[in-house]
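> Mind looking at a prediction? Sequence and model below.
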Amino acid sequence: MMRSNNIKTGIARTPHRSLLMATGVSKENMNAPFIGIASSFSDLVPGHIGMRDLERQIEKGIHSAGGQAFIFGVPAVCDGIAMGHSGMRYSLPSRDLIADCVETVANAHQLDGLVLLSNCDKITPGMLIAAARINIPTVIVTAGPMLDGESRCEKLSMIKGAFESIGKYRNGEITEERLLELEEASCPSAGACQGLYTANTMACLTEVIGMSLPYCATSSAVSSQKRRIAFESGMEAVQRVINNIKPLDIITRDSLRNAIIADLAMGGSTNSFLHILAVANAGEIDVSLKDFDELSYKIHQFVKLEPSSDISMTQFHNAGGIPAVTNELIKSVPEFTGGKSGKWGKYKGVYCDKRIIHSYTEPFTTKPGLGILYGNIAPEGSVIKISAVDESCYEFEGIAKTFDSEEEAMVALENDLIKEGDVVVIRYEGPKGGPGMREMLAPTSLLVGKGLGTKAALITDGRFSGGTRGICVGHICPEAANGGVIALIQNGDKIKIDINKRSIDLLISEEELAKRRKNIKPFINKARGYLRKYSETVQDASHGAIV
């Protein structure tokens, strides 16, 4: 029996049918499966501006397969535009707001199935959380990456062409005229930013899990292939309703571990740790930070994309995309279960450009793309994008310079107060302390742009953009607002980061730590409105910053 019968079957539902007819549902289609299209279209978000066209394609697919489509909206935040100011505090909390919106509309109207139209950083994980919570047949469509930028025959991305160029300009390496040229040319089309940053990482992992169709993650936002995938996704949603295939039939412990393996093999965004843990929590699936830690010692990185290289998502797609990656994992990694289930079997013949997607036995490095660091600074864990760190910096010891907000750190960076050998410590930016766990792309990009990417480090209880590169450790737990050791660090302290040993330590005695702990100032929550509610209910990053 269709769930939508609760709002359309029987004499008692005459008023309901009348209201549905007011929306344009015909008598003939009243018996069709009701499929909601949760669209995150927005004129404010480059990754989402092309979604009106994709909505039409999804709608066509649903109706072609015998369903009745209904479009409704959910909010979307562009992390790049929200970056570097107080607006970024709303980015991570918007993930749970999106999940709440989808859950509310789908359950209030008793929809039979969903197509979730997403793209950017927090929207895709919010959609995945909603799918796991509601557990009605669902397909996710990620709108795809933007085209590569180009200026004076130089290939550009949003990170290297715009963010990092600020540091180059302030360092005297480029003129203001060139800076303005890069600004205009770096983001030439609709779509998610061009590298394996958070948006494209989560799109790729959604495809690996099986919640979106093959090649959905990497096909360009402005391509005809994306339009066809949107149409096919509409048809697939109806078929999943007919066959009663629900998200928790697809999102399982095995498929989430597959996503972790693929993430490590490609060197994706550190934000994936937060989001996979939150999806697992929503589906009551036994996946924790221990799974990331365990697998990170086993998986080789055989794909290296922007920002860790100059290879864009467009080139990755043309090289074979996610089906080519999963085929390599099926052949070489016993923990990757796609081969056993046969889920990826029909894609075994896909093209794979070995110059971009190496064989697992000839990887870029036997190190994983991501790693968990523990130590007295982060007894409950922290994360680093190993693929974005030069191997000469795998062991780094430096002198702490502490800041209680991103803004304070930016002032120091802009005034050349950060030097070679420093460790920038940015605290009170965690899920609770921020609140909202802001991304630190502006300071990390400035470090790289000023030539300090291999000469200074940055650690924080906040988080990083998928575009961050350099010696950057985030998600430090416990966070400063919860009395974590990061709150006890003082200017001049020595900090050691050892990627080989997966450790991060404050080089002072336990006696000194205990002495400082007695004098720690209690955290005062000054947030208002939605952020205050979020701060009071959010858990730490090691549990996915769930609320």
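Yes, it's here.
> Please enumerate the strands of this protein.
According to DSSP state E, the chain carries its strands in the segments 34-39, 68-73, 113-118, 138-142, 149-151, 154-156, 371-373, 382-384, 395-403, 422-426, 457-460, 471-474, 494-498, 503-506.
> who does the third one pair up with?
What it means is strand 113-118. strand 34-39 (parallel), strand 138-142 (parallel) (DSSP bridges).
> If I take the first one and strand 68-73, what angle do their directions form?
With axes from the mean of the first three to the mean of the last three C-alpha atoms, to 10 degrees applied, the angle from strand 34-39 to strand 68-73 works out at 30 degrees.
> Provide a list of residues in contact with the residue nearest the centre of the chain.
The centroid of the chain falls nearest to T198 when counting by C-alpha atoms, centre = their mean (3.4 Å). Residues in contact with T198 (C-beta atoms under 8 Å, 6 or more residues apart in numbering) are D79, D121, S269, N271, S272, S465, G466. All C-beta spots, glycine's among them, are computed from the backbone N, C-alpha and C.
> I'd guessed the third one sits against A192; true?
In other words, S269. No: using C-beta atoms under 8 Å, S269 is not in contact with A192; the gap is 11.5 Å.
> can you redo the strands paired with strand 113-118 as CSV with mean neighbour count and distance to S255?
Below are those laid out as CSV (neighbours: other C-beta atoms under 10 Å; distance: least, C-beta to C-beta, whole Å):
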stretch, mean neighbour count, distance to S255
strand 34-39, 26, 21
strand 138-142, 31, 13
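> okay, those strands in TSV with distance to M410 and mean pLDDT next?
Below are these laid out as TSV (distance: least, C-beta to C-beta, whole Å; pLDDT from 0 to 100):
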stretch	distance to M410	mean pLDDT
strand 34-39	35	98
strand 138-142	31	98
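> before we move on, back to that, looking at the strands of the chain, which is buried most?
strand 138-142 (a mean of 31; mean count of other C-beta atoms under 10 Å).
> Stretch 299-315 - what's its average pLDDT?
Across stretch 299-315, pLDDT averages out at 93.
> That one: end-to-end distance?
Start-to-end span of stretch 299-315 (C-alpha to C-alpha, to the nearest Å) is 23 Å.
> Quickly note the distance from P46 to N519.
Separation of P46 from N519 (C-beta to C-beta, to the nearest Å): 46 Å.
> I should have written G191 there, sorry.
Remark: distance between G191 and N519 (C-beta to C-beta) = 50 Å.
> A230 now?
Applying C-beta to C-beta to A230 and N519 gives a distance of 58 Å.
> Could you do E181 as well?
51 Å.
> More neighbours: the two, which one.
E181 (18 against 7; other C-beta atoms under 10 Å).
> what's near enough to touch the more buried one?
With the criterion set at C-beta under 8 Å, 6+ apart, E181 makes contact with S151, R152.
> List the residue ranges of the chain that fall below the pLDDT cut-off.
Counting by pLDDT under 70, the chain shows low-confidence ranges at 338-348.
> do that again at 80, thanks
The model of the chain has pLDDT under 80 over residues 338-349, 465-468.
> if we can go back for a sec, now tabulate the strands of the chain in TSV and tack on distance to I242.
Shown next, in TSV, are the strands of the chain (distance: least, C-beta to C-beta, whole Å):
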stretch	distance to I242
strand 34-39	11
strand 68-73	14
strand 113-118	9
strand 138-142	13
strand 149-151	43
strand 154-156	45
strand 371-373	42
strand 382-384	41
strand 395-403	56
strand 422-426	51
strand 457-460	48
strand 471-474	44
strand 494-498	53
strand 503-506	51
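> Could you say which one of those comes nearest to V25?
strand 68-73 (6.0 Å; C-beta to C-beta).
> Nearest spatial neighbour of M88, chain-adjacent residues omitted?
R438 (4.1 Å; C-beta to C-beta, 6 or more residues apart in numbering).
> doesn't S91 make contact with that neighbour?
Yes: counting by C-beta under 8 Å, S91 is a contact partner of R438 at 7.3 Å.
> For these two, indicate the residue with more neighbours.
R438 (29 against 22).
> Enumerate every residue touching the more buried one.
M88, R89, S91, E406, E429, G462, R463.
> From T270, how far out is the third one?
Translated: S91. Counting by C-beta to C-beta, the gap from S91 to T270 is 14 Å.
> do the second one as well
Remark: distance between R89 and T270 (C-beta to C-beta) = 19 Å.
> Between the two, tell me which one has more neighbours.
When R89 and T270 are compared for neighbours, T270 comes out ahead with 29 against 20, by other C-beta under 10 Å.
> Tell me how many other residues crowd the residue lying closest to C101 once chain neighbours are set aside.
Closest residue in space to C101, ignoring its immediate chain neighbours: V74 at 4.5 Å, by C-beta to C-beta, 6+ apart. Neighbours of V74 under the rule other C-beta under 10 Å: 25.
> I am finished for the moment; much appreciated.
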